[in-house]
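Enquirer: structural data only, the sequence is not supplied:
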């Protein structure tokens, strides 16, 4: 009897998570979709002019989409090699005493509030980026991407390290028995065996970078031209929502357009997370014996 | 043993449910709680420092009064007034027709009170040799038509144009008054901020960009202008004199880039809110306006 009540309670708890998710999707659809009566989907997705407070307003979101791609690419290009190398070191090379003290420190990095990351970017990184690349302003997708890489690094290290450690030790022993060096074991045995887990780690890191708001709002620059290079100032999708929602008339076209951007963002991160999930699932099945 | 766990679970669930109910109830009644002595002011980031000073003075003089002031942006304040979650909305732009309609639909009747004026200064890096600009030149800068200071007789530096984002009432005010040159012979309402303009989330972010970037230009309320940046003298057409933004030139109206700062209430203010607004508009209250760096409503 007691067992069944507890089971029911746990079932309700899991149901709650799904209900909340469905609620969010419903709100996004309800508030966001009406914009397509004002701006056709084609124009909304591929238009480059965003003048929400003009008469008549125009809502083209290509700029934000391209900006999101740029900052995510910069963040990924920096975070992936460092993160995977760090994970390989922790899982394969470092003595357990080092691993046990270093890993929590890296995971602590994930706990730094994004506004603090933004401040550091604004005060320290942006002037540096400006002088290093000889830019007009340091507020750019590049500076934002570098700070974002710091935020996705802990996820990539943590999940990759778990994937590497999940590989059965027989794999390594067999390679060593064949005379492989430690580097050869890491390069040709461990990393390929854990590849699906590492890919999932990368996808999760990418998801983190796409969804981050405060940091890109503060240091990406916020220009509305479609950026052709990461060194330009730009406004990613999250920053566009945050910098417009405060002054949008509730239920007005700008409000709807911002919700539609939110919907688009939700679909992108959902896709990234689904892919990561499937890849992780494959990794798990690989070693089931 | 199971029954004890079950009891705990049930207790926790009940507590959560009660908490949720409590939150939703207080959420709905946020406006009506209290005894008329406490009220909220929310809205414009620009009016914020002024409201804080007035609120402090008022609370010191009227024990028991409690005013909470926040400044997320004019639009947020007006939205809060429409939703009846604030007694006073502070705004640096006048309310839009669409917002009046939304308010009326919810039984709210926005009442406009001008409490001060704000002179907007255009600021550049202190090393910039440009010291005066016309509205037409500013408009060309903000539409990205002019992209280098040398085109205006200044140093050979690309212009980094910074503006507030659309959360700010200042964004729209500068667009209409300066970019589109409202009321001037050169008025052109099709002009918009250029695609290269940086839209920044706060005024202080813009000031710090100008302070650190020799090619940057930004606009900010007089209260935000520090020694780290240099204000530019502005002329409407180039035929009228170039005037530096100061409290004096804005008060006598010779400096043209100023805007009214408003309080919006639901209908005519009553009770403590009325007493508070009367204090704001009194000679003592208006003297505080100058201390904050704004200009009296006049």
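Expert: That came through fine. What you see is a predicted model; the values in this text were computed from it and never measured.

Enquirer: for the rest of this, base every contact and every neighbour count on C-alpha atoms.
Expert: Noted.

Enquirer: show me chain B divided up by domain.
Expert: Following automatic domain parsing, one gets these domains for chain B: B:10-117+B:259-296, B:119-258.

Enquirer: rank those by pLDDT, which is bottom?
Expert: For the domains of chain B, mean pLDDT drops lowest on domain B:10-117+B:259-296, to a mean of 82.

Enquirer: ok, it near chain A or not?
Expert: Yes. For domain B:10-117+B:259-296, a contact with chain A is found by C-alpha under 8 Å from any C-alpha of the partner chain, at B:72-76, B:79, B:98-99.

Enquirer: quick check: the farthest pair among these?
Expert: B:72 and B:98 (20.2 Å; C-alpha to C-alpha).

Enquirer: higher neighbour count, the two?
Expert: Taking other C-alpha atoms under 10 Å in any protein chain shown, residue B:72 and residue B:98 do not tie; residue B:72 has more neighbours (18 against 12).

Enquirer: SS state for the more buried one?
Expert: Classification of residue B:72 using DSSP: H, G, I helix; E, B strand; the rest coil returns coil.

Enquirer: secondary structure element for the residue of the stretch 1-150 of chain B found nearest chain A, which one?
Expert: Across the stretch 1-150 of chain B, no residue is closer to chain A than residue B:75, which sits at 3.8 Å (C-alpha to the nearest C-alpha). Mapping residue B:75 onto the secondary structure by DSSP states H and E places it in helix B:74-82.

Enquirer: what are the ranges of the strands in the stretch 51-200 of chain A?
Expert: A:58-59 (DSSP state E, counting those that start in this stretch).

Enquirer: out of the domains of chain B, nearest to residue A:135?
Expert: domain B:119-258 (9.8 Å).

Enquirer: now do the same end-to-end measure for that closest one.
Expert: 4 Å (C-alpha to C-alpha, to the nearest Å).

Enquirer: for that domain, the distance to its chain's centre please.
Expert: 17 Å (C-alpha atoms, centre = their mean, to the nearest Å).

Enquirer: would you tell me whether the lengthiest helix in chain A gets close to chain B?
Expert: If you go by DSSP state H, chain A has its longest helix at helix A:253-286. No. Applying C-alpha under 8 Å from any C-alpha, one finds helix A:253-286 separated from chain B by no less than 10.4 Å.

Enquirer: flag every buried residue along that helix.
Expert: For helix A:253-286, the neighbour count (16 or more other C-alpha atoms under 10 Å in any protein chain shown) marks A:253-266, A:269, A:272-273, A:275-277, A:279-280, A:283-284 as buried.

Enquirer: same deal with stretch B:240-260?
Expert: Within stretch B:240-260, the residues scored as buried using 16+ other C-alpha under 10 Å are B:242-247, B:250-251, B:254-260.

Enquirer: which non-adjacent residue is nearest whichever residue of the stretch 101-250 of chain A sits closest to chain B?
Expert: Residue of the stretch 101-250 of chain A nearest chain B, by C-alpha to the nearest C-alpha: residue A:247 (3.8 Å). Computed as C-alpha to C-alpha, 6 or more residues apart in numbering or on different chains, the closest residue to residue A:247 that is not its neighbour in sequence is residue B:75, at 3.8 Å.

Enquirer: and for residue B:260?
Expert: Closest residue in space to residue B:260, ignoring its immediate chain neighbours: residue B:117 at 4.4 Å, by C-alpha to C-alpha, 6+ apart.

Enquirer: now residue A:74
Expert: Nearest one to residue A:74, counting by C-alpha to C-alpha, 6+ apart, is residue A:145 at 5.0 Å.

Enquirer: surely the one you found meets residue A:71?
Expert: Yes. Residue A:145 is within contact range of residue A:71, at 4.5 Å (criterion: C-alpha atoms under 8 Å).

Enquirer: what comes up buried for the host helix or strand of residue A:30?
Expert: Secondary structure assignment for residue A:30, by DSSP H and E: helix A:2-32. Neighbour-count burial for helix A:2-32, counted by 16+ other C-alpha under 10 Å, picks out A:5-6, A:9, A:28-29, A:31-32.

Enquirer: against which helices or strands is whichever helix or strand comes after that helix packed?
Expert: Counting by DSSP H and E, the next helix or strand C-terminal to helix A:2-32 is helix A:35-38. The contact analysis (3 or more C-alpha pairs under 8 Å, 6 or more residues apart in numbering or on different chains; DSSP states H and E) places helix A:35-38 against helix A:253-286.

Enquirer: next, the angle from the helix it packs on to helix A:2-32.
Expert: Angular relation of helix A:253-286 and helix A:2-32 on a 0 to 180 degree scale: 140 degrees, by axes from the mean of the first three to the mean of the last three C-alpha atoms, to 10 degrees.

Enquirer: picking up where we left off before, for burial, what's the neighbour tally of the residue of the stretch 1-150 of chain B closest to chain A?
Expert: With other C-alpha under 10 Å as criterion, residue B:75 counts 31.

Enquirer: got it, and the one 10 residues further on?
Expert: With neighbours defined by other C-alpha under 10 Å, the count for residue B:85 comes to 22.

Enquirer: quick one: secondary structure of it?
Expert: Applying three-state DSSP: residue B:85 is coil.
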